[in-house]
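1. Fold the stuff below for me.
(chains A and B)
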There are 2 protein chains.
Amino acid sequence: MNFLEERILKDGVVSAGNVLKVDSFLNHQMDVALLDQIGKEICRRYEGKKITKVLTIETSGIAIAYAVAQQLGVPMVFAKKSKSINLSGDMYVAQVESFLHNDVEHVIVARKFLSEDDNILIVDDIMANGCALQGLISIVDSADATVEGLGIAIEKGFQEGGYRIRNLGYHLESLAIVESMDAETGKITFREQI
Amino acid sequence: MNFLEERILKDGVVSAGNVLKVDSFLNHQMDVALLDQIGKEICRRYEGKKITKVLTIETSGIAIAYAVAQQLGVPMVFAKKSKSINLSGDMYVAQVESFLHNDVEHVIVARKFLSEDDNILIVDDIMANGCALQGLISIVDSADATVEGLGIAIEKGFQEGGYRIRNLGYHLESLAIVESMDAETGKITFREQI
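-> Modelled structure (predicted):
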């Protein structure tokens, strides 16, 4: 079991409806030493790859992107989410559907921050159905930049995001993949990773 | 002139309506080395003070809070913004009015992340009328915790936020205070600081 899986077992809380609360260390209160370690581990898994920029989406992905970008010595960009958009030519926009909220959101990045020479590492804190990440991939494609890979802290392995993105041929690394969880017993099982 | 003022002159863009765009290095694309330097400078200004937690508000404050918390070796917490709230007993909520958008927002922090033993450093990237920061101060007060001070990257000195917060007796440090800016000439003048 790695450091993040151990921390999830220690401080994560499983609630009804397949909710995993990690707000005491990852997405409300943030344990900066842990995030630093997550950043280093994501970088280790992409060692030797040329990465020019780290891309994430607001809000809680920002801290992980910061940790990764700091390790790599490259800039980071965070995409903005908006229900409404004022379409102008200077932004890349991807439309994503949220199953959870049953609505449509726009993922937006200013054109000037992505170029065809960029090799992008996309990162985020939690992936469930992967909609936001697919929006980010689509934006990188629009910019004719290269998706070098994706680095996620926690993947909900029982939802379809990881399946979809790996099937599209992308390199996706998740530090902890939750295979199942039980709100009654609080038990969390992780997928074995080599 | 300090490193941040120099960077604002180099890469900041003044637009009509007193808008200062710093999205190429501070709040869309982020220069992590610069943010690291901002974090160190904010910490330097609070050297010797006992700080147990760094508090900010989503979205772009998160990176600066990360940089400061990393220096201090303490956790950070980011407050969430919401138009609607589901009032429950486990959250501190402050209602703030936005002059810019002419509406009301709620600033929310889970109770469990603030205690009366906490000495809080509040940080953010940009302060204009200071509404969000006053919401954060009010939340720290609700928790009977102590506001040790506030650290801001860029203060719009010609708007009333800094004036209000200093008049309330709080220690407020802004690394760059924009005294005036001119959208026609692009000229930016900073307040002299010792």
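2. Checking my notes, residue A:67 in a strand, right?
-> No - under DSSP: H, G, I helix; E, B strand; the rest coil, residue A:67 sits outside any strand and is assigned helix.
3. distance between the ends of stretch A:138-151?
-> Length of stretch A:138-151, first residue to last, CA to CA, to the nearest Å: 16 Å.
4. what's it in contact with?
-> Contacts with stretch A:138-151, where a contact means CB atoms under 8 Å, 6 or more residues apart in numbering or on different chains, come from A:42, A:45-46, A:49-51, A:55, A:64, A:68, A:79, A:92-94, A:107, A:109, A:111, A:114-124, A:133, A:137, A:165, A:170-175. Heads up, the C-betas are built off the backbone N, CA and C, glycines and all.
5. Separate out the buried members of the residues you listed.
-> A residue is treated as buried here by neighbour count (16 or more other CB atoms under 10 Å in any protein chain shown); on that basis the buried members of the contacts of stretch A:138-151 are A:42, A:46, A:51, A:55, A:64, A:68, A:79, A:92-94, A:107, A:109, A:114, A:118-124, A:133, A:137, A:165, A:170, A:172-175.
6. By mean pLDDT, flag the weakest helix or strand of chain A.
-> Sorted by mean pLDDT, DSSP states H and E, the helices and strands of chain A end with strand A:91-98, the least confident at a mean of 89.
7. following it, which helix or strand comes up?
-> strand A:103-110 (DSSP states H and E).
8. tell me which parts of chain A are close to chain B?
-> By CB under 8 Å from any CB of the partner chain, the residues of chain A that approach chain B are A:23-24, A:28-33, A:35-36, A:58-60, A:62-63, A:66-67, A:69-70, A:73-78, A:80, A:109-110, A:112-113.
9. in stretch A:1-18, what's buried?
-> Neighbour-count burial for stretch A:1-18, with 16+ other CB under 10 Å as criterion, is recorded at A:4-5, A:7-8, A:12, A:14.
10. If we only consider these, which is nearest to chain B?
-> residue A:7 (13.3 Å; CB to the nearest CB).
11. So which residues make contact with the host helix or strand of that closest one?
-> In the assignment (DSSP H and E), residue A:7 maps to helix A:3-11. The set of residues external to helix A:3-11 that reach it, using CB under 8 Å, 6+ apart, is A:1, A:20, A:22, A:24-25, A:31, A:34, A:37-38, A:41, A:153-154, A:175-176, A:178, A:188, A:190.
12. before we move on, back to that, just the buried ones from the residues of chain A next to chain B?
-> Restricting the residues of chain A next to chain B to buried positions leaves A:23-24, A:28-32, A:35-36, A:58-60, A:62-63, A:66-67, A:69-70, A:74-78, A:80, A:109-110, A:113, with burial counted as 16+ other CB under 10 Å.
13. Inside helices: which ones of those residues?
-> Secondary structure of those is defined by DSSP state H; positions in helices are A:32, A:35-36, A:62-63, A:66-67, A:69-70.
14. Mind putting those residues into TSV with pLDDT?
-> Putting these into TSV (pLDDT from 0 to 100) gives the following:
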residue	pLDDT
A:32	98
A:35	98
A:36	98
A:62	98
A:63	98
A:66	98
A:67	98
A:69	98
A:70	98
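15. Of the residues you listed, which is the nearest to residue B:182?
-> Within the set of those, residue A:62 lies nearest residue B:182; the separation is 31.9 Å, counting by CB to CB.
16. how far away is the nearest residue to residue A:69 once chain neighbours are set aside from residue A:119?
-> For residue A:69, the nearest residue in space outside its immediate sequence neighbours is residue A:76; the separation is 3.9 Å by CB to CB, 6 or more residues apart in numbering or on different chains. Counting by CB to CB, to the nearest Å, the gap from residue A:76 to residue A:119 is 14 Å.
17. for residue A:71, same thing?
-> In this structure, residue A:71 lies at 15 Å from residue A:119, with CB to CB as the measure.
18. try residue A:107
-> With the distance defined as CB to CB, residue A:107 ends up 20 Å from residue A:119.
19. Likewise for residue A:183?
-> Taking CB to CB as the measure, residue A:183 falls 40 Å from residue A:119.
20. And for residue A:186?
-> In this structure, residue A:186 lies at 41 Å from residue A:119, with CB to CB as the measure.
21. repeat for residue A:53
-> Residue A:53 is 8 Å from residue A:119, by CB to CB.
22. so what's the nearest residue to residue A:27 once chain neighbours are set aside scoring on pLDDT?
-> Excluding the flanking residues, the one nearest residue A:27 by CB to CB, 6+ apart is residue A:60, at 3.8 Å. In this prediction, residue A:60 carries a pLDDT score of 90.
23. Give me the below-cutoff pLDDT ranges for chain A.
-> Confidence mapping of chain A against pLDDT under 70 gives the ranges A:86-88, A:98-101.
24. Please, where are all the strands along it?
-> With DSSP state E, the ranges of strands along chain A come out as A:13-15, A:19-21, A:29-30, A:53-57, A:76-82, A:91-98, A:103-110, A:119-127, A:146-156, A:172-181, A:188-190.
25. so which of these gets nearest residue B:103?
-> When the strands of chain A are compared by CB to CB, strand A:76-82 sits nearest residue B:103, at 15.6 Å.
26. Please list the outside residues in contact with that closest one.
-> Contacts of strand A:76-82 from elsewhere in the structure, counted by CB under 8 Å, 6+ apart, are A:53-58, A:61-62, A:65-66, A:68-69, A:105-109, A:113-114, A:132, A:135-136, A:139, B:28-30, B:32, B:59.
27. Give me the distance between the most centrally placed residue in chain A and residue A:174.
-> Ranked by distance to the mean C-alpha position of chain A (CA atoms, centre = their mean), the top residue is residue A:124 at 2.0 Å. Computed as CB to CB, the residue A:124 to residue A:174 distance reads 10 Å.
28. shared neighbours, these two?
-> Overlap of the contact sets of residue A:124 and residue A:174 (by CB under 8 Å, 6+ apart) consists of A:152-153.
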